[in-house]
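Q: Here is a sequence with its predicted model. Questions after.
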Amino acid sequence: MAARALAALRAAADGEPAGGWRDRAVTASFWRRRLAHETVIHRIDADAALGRSVSVPQGLATDGIEEVFDLYLPYAPQRAAAWPPPGVLRLVEDDEGAVWSLQARLASVVVHRGSDEVQLAIEATAQFTFHLKNGVVADLAATATIIVDPAERRRVLAVFVAEFNRRRGPDSPWPEAVLGEWVERSPLAKVTFADTD
């Protein structure tokens, strides 16, 4: 049976439907990844029992961390007592240079890929003071909200990408801006000023 399952996975296209995982439909590539990590874990357990060490390829080890965040963290108990106090835990994978920041909230943990200090600082302390200078001097209480909805991010960033590309001359050292890359990587926040009336 295992041989038939392995042959089926090898023959299937990456995007081919292949059953489900918990409450979502998955594809053949999902199971290739899942079984690769499952096999590695059991191999490590078996070798550890025999007093042997196992060297896991760097890319596979890094993806194993990603899989924990992708598959298991969303289904962790949604209880405040299950999580540490609010704060940020930074994980750095030395070989691959991967960086994850786990931000503990009251009933969840949010994973940030890469080193996004601006976003983490805003989410950790959303209330701040907006200082106005040069002609209008004032200190205004404000709140920053990170925009995470992809459609909203695309709507807002499309204006900046279009303007950036319009101003980018033929001799510019900067490459043409790609909206999809900006939507995926750019920090974006909405600032709301407190009503002082």
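A: Yep, that arrived. Computed from a prediction, not measured in an experiment: that's the story for all the values here.
Q: Name the residue most distant from the centre of the chain?
A: Here the centre of the chain is the reference, and by C-alpha atoms, centre = their mean the most remote residue is Gly135, at 40.7 Å.
Q: Glu93 touches Ile65, doesn't it?
A: Yes: distance between Glu93 and Ile65: 6.9 Å, which falls inside the contact criterion (C-beta atoms under 8 Å). From N, CA and C alone the C-beta is placed, and that goes for glycine too.
Q: mind checking which helix or strand of the chain has the lowest mean pLDDT?
A: In the chain, no helix or strand scores lower on mean pLDDT, DSSP states H and E than helix 117-124, which sits at a mean of 60.
Q: and the residue farthest from the centre of the chain, helix, strand or coil?
A: When the structure is reduced to helix, strand and coil (DSSP: H, G, I helix; E, B strand; the rest coil), Gly135 reads as coil.
Q: ok, now Ala142?
A: Here Ala142 is strand, with the state taken from three-state DSSP.
Q: Could you list the domains of the protein?
A: Under the assignment named as automatic domain parsing, the residue ranges that make up the domains of the chain are 1-55, 116-197.
Q: Looking at the ones you listed, spot the one closest to Phe69.
A: Of all the domains of the chain, it is domain 1-55 that lies closest to Phe69, at 12.6 Å by C-beta to C-beta.
Q: Average pLDDT for that closest one, rounded please.
A: Averaging pLDDT along domain 1-55 gives 85.
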